[in-house]
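K.L.:
Here you go, sequence then predicted model.
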Amino acid sequence: MLNENELERYANQLIMPEIEEEGQSILLKSKVLIIGAGGLGNPTAIFCSAAGIGCIDICDDDNIELSNLNRQIAFSVNNLGLSKSIKLKDYCLNLNPDLKINSIVNRFDNKFPISTYDIILDCSDNIETKYTANLLAHKNRKTLISASAIQLEGQLATFKSGKFKDLPCYECIFPKDQYQNTNMNCREVGIIGPVTNLISSLQVTETIRELFIQNSFKKENLFTTNTLAGNLLLYDCIKQDITKIKIKKNLSCNVCK
Ligand SMILES: [Zn+2]
């Protein structure tokens, strides 16, 4: 299934009983969309590329600024003023040239075609984009893995409300009427790179898990039976604590009721 080069590159992954050669082949055949090429999008795209997720689209219309470099680890001072999605794509292709990695220099909006992706990875830093990603993922029955990080805290959740009607969507736990005006971005309140990197690492772990689940791969294995869907993972850097809390469907949710 895998060629000589792939067997060597991914040797440390496919040696594990949770992955093996078949799991690696699934990753290589998969296609993900990364929304946002900032503090979360950088490490998420890098880890997806390193793990060998075969097709990765990176959507962001922003340009690189000096104040991004405390956390956006694919960029350097030579990249200031250049497109984030293009430079992140270049970095990832340099790491793993055999993958199909595309940059989409556009703002993600409700007209974005998401039907061809296996998984949507929300790495955006604003709640409006998160609502749009949630709505499109729900309508198109896509798995959405949504990450957030601000100051010394991070969050991660997997949403599959379009596939399973009992599971909540993003808006079930963050209703628009309560959260729409609470939008804060990193420029206003701050962020440190290790927090975004940690949340991104967890996001890519869940991406690998959900790709295996979608492909009915190793259905009996603990790695694939433990989906994060129906839970919210909270990281608190001040207390150095990760908590997993159960989240429920809001029966009057505007998106998934
Ligand atoms: Zn909902």
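P.N.:
Yep, it's here. Numbering: from 1, shown residues only.

K.L.:
Sticking with the closest residue in space to L228 that isn't next to it in sequence, tell me its helix or strand.
P.N.:
Closest residue to L228 in three dimensions, ignoring its sequence neighbours and counting by C-beta to C-beta, 6 or more residues apart in numbering: T158, at 4.2 Å. Every residue, glycine included, has its C-beta placed from N, CA and C. Using DSSP states H and E, T158 sits in strand 153-159.

K.L.:
Tell me which other helices or strands the following helix or strand past that strand touches.
P.N.:
Using DSSP H and E, the helix or strand that directly follows strand 153-159 along the chain is helix 170-173. Helix 170-173 sits against helix 127-139, strand 153-159, with contacts defined as 3 or more C-beta pairs under 8 Å, 6 or more residues apart in numbering; DSSP states H and E.

K.L.:
same thing but at 7 Å, please
P.N.:
If you count contacts as 3 or more C-beta pairs under 7 Å, 6 or more residues apart in numbering; DSSP states H and E, helix 170-173 packs onto helix 127-139.

K.L.:
would you put the C-alpha positions of the helix it packs on in CSV?
P.N.:
What follows is helix 127-139, C-alpha atoms only, in CSV (Å, rounded to 0.1, in the frame of the first residue of the first chain):
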residue,chain,number,x,y,z
ILE,A,127,-16.7,33.9,16.9
GLU,A,128,-18.5,35.0,13.6
THR,A,129,-16.3,32.6,11.6
LYS,A,130,-16.9,29.9,14.2
TYR,A,131,-20.6,30.3,13.8
THR,A,132,-20.3,30.2,10.0
ALA,A,133,-18.1,27.1,10.1
ASN,A,134,-20.6,25.4,12.5
LEU,A,135,-23.6,26.2,10.3
LEU,A,136,-21.9,24.9,7.1
ALA,A,137,-20.5,21.8,8.8
HIS,A,138,-23.9,21.0,10.3
LYS,A,139,-25.7,21.5,6.9
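
K.L.:
and for it, what are the contacting residues?
P.N.:
With C-beta atoms under 7 Å, 6 or more residues apart in numbering as the test, helix 127-139 has contacts from 35, 108-110, 112, 114, 120, 122, 124, 144, 146, 159, 161-162, 169-171, 176, 179-180, 183, 255-256.

K.L.:
Sitting in strands, which of the residues you listed do you find?
P.N.:
I35, I120, D122, L144, S146, F159 (DSSP state E).
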